[in-house]
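In: I'll drop the sequence and a predicted model, then ask my questions.
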Amino acid sequence: MEQPMQSPRYSLLDIHNRANAALVDLSKGLFEELPVATNNLLGNVVDVLIKTKTSKAQNVALMTVLRLKQEAQAIRMLLGHGYPAQAMSLAANMIEITYELLFIGNDESKAEIWDRHVGPREKVWNRQNRLIKQRMIEGWKSMGMTEEESKEQAEADYSSYGLLCDAKHGNPVINKTTGGFIENGVLVVGPQVYQEKPEILQAVYVANTTARMTVLAVRAVINFHLGGEFNGTLFDESETLNIFRKEQVSTVMAKAEVEAAKIINSSEQ
């Protein structure tokens, strides 16, 4: 009598290590070097804000950047441990937090509203600005864009935000890509190890969003709160990060298509 196939046994540490190794093998630049550069840039902004903050709006900016730094670190941990869908939820948070920074800008009255908010179930902003898309538009306008340009950029980022929120809210499209991985024809329940195209694309999308929101947040801090000696240095750092982000995403997407084709071909043999 044929014995049923036994599910392979792995410790969580084994799977976490395997997931991280798969990401770094896919792109050391995107999943190792870029997170380090992101963390360093946000840390540099924190250092400058601590030294220079004199207004309530600057204090809000400092607390916002501190939160962004934590989110970026948590995202990298989740990706490295094989949880791309969960990392998508935090990437959605990064968009929300970054646009809060743009929306408040250097407006002391908005900073006062933000600072005195204490009700966890209450909305921070009035009905006119309650929707994040509207705050996106207002944020870009405060950065110097025209109404039309602001709406166009807000539409693009709101679309990205919606995709990430699909993971946060348990959209079936995302849920179908989670739950574990196949090893020798058997489902190993647990984290992902980046064998399939959807989870690879999720990781790339999250890594890209994390770095992109970091750059946007730094530009906002520079625009609203900094000048002089810090302005040029931090802007140059953000520009270097942005160029590196684009290069790495472009490279890894091409590689991901090739790897996905190999997986599909091997499964069909």
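Out: In hand now; what should we look at?
In: so where do the strands sit in the stretch 101-250 of the chain?
Out: 180-183, 186-189 (DSSP state E, counting those that start in this stretch).
In: Put together JSON lines for those strands, with mean neighbour count, distance to residue 93 and mean pLDDT on each row.
Out: C-beta coordinates here come from the backbone N, C-alpha and C atoms, glycine included. Formatted as JSON lines, the strands of the stretch 101-250 of the chain follow (neighbours: other C-beta atoms under 10 Å; distance: least, C-beta to C-beta, whole Å; pLDDT from 0 to 100):
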{"stretch": "strand 180-183", "mean neighbour count": "16", "distance to residue 93": "25", "mean pLDDT": "85"}
{"stretch": "strand 186-189", "mean neighbour count": "13", "distance to residue 93": "27", "mean pLDDT": "82"}
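In: can you redo these as JSON lines with distance to residue 154?
Out: As requested, those are exported to JSON lines (distance: least, C-beta to C-beta, whole Å):
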{"stretch": "strand 180-183", "distance to residue 154": "37"}
{"stretch": "strand 186-189", "distance to residue 154": "40"}
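In: closest one to residue 77 among those?
Out: For those, the distance to residue 77 is smallest for strand 180-183, at 19.0 Å, taking C-beta to C-beta.
In: list the helices and strands that closest one packs on?
Out: Helices and strands touching strand 180-183, as assessed by 3 or more C-beta pairs under 8 Å, 6 or more residues apart in numbering; DSSP states H and E, comprise strand 186-189.
In: Run the chain-centre distance for the strand it packs on.
Out: How far strand 186-189 lies from its chain's middle: 28 Å, per C-alpha atoms, centre = their mean, to the nearest Å.
In: same deal with stretch 241-259?
Out: The answer for stretch 241-259 is 16 Å, by C-alpha atoms, centre = their mean.
In: With stretch 94-110 instead?
Out: Distance, centroid of stretch 94-110 to centroid of chain: 17 Å (C-alpha atoms, centre = their mean).
In: do stretch 120-137 as well
Out: 21 Å.
In: go on, stretch 186-193?
Out: With C-alpha atoms, centre = their mean as the basis, stretch 186-193 stands 24 Å off its chain's centre.
In: and if you look at stretch 196-208?
Out: Counting by C-alpha atoms, centre = their mean, stretch 196-208 comes out at 11 Å from the chain centroid.
In: For that stretch, C-alpha coordinates in CSV please.
Out: Included here for stretch 196-208 are C-alpha records, laid out as CSV according to Å, rounded to 0.1, in the frame of the first residue of the first chain:
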residue,chain,number,x,y,z
GLU,A,196,6.2,32.3,-7.4
LYS,A,197,5.9,35.4,-9.5
PRO,A,198,3.1,37.1,-7.4
GLU,A,199,5.0,37.1,-4.1
ILE,A,200,8.2,38.3,-5.9
LEU,A,201,6.2,41.2,-7.5
GLN,A,202,4.7,42.0,-4.1
ALA,A,203,8.1,42.3,-2.5
VAL,A,204,9.4,44.4,-5.3
TYR,A,205,6.4,46.7,-5.2
VAL,A,206,6.7,47.1,-1.4
ALA,A,207,10.5,47.8,-1.6
ASN,A,208,9.9,50.4,-4.3
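In: any idea of the mean pLDDT in that stretch?
Out: Averaged over stretch 196-208, pLDDT sits at 93.
In: buried residues in stretch 34-48?
Out: Of the residues in stretch 34-48, 34, 35, 37, 38, 41, 42, 44, 45, 46, 48 count as buried by neighbour count, 16 or more other C-beta atoms under 10 Å.
In: In helices, which of the residues you listed appear?
Out: Judged by DSSP state H, helices contain the following of the buried residues of stretch 34-48: 34, 35, 37, 38, 41, 42, 44, 45, 46, 48.
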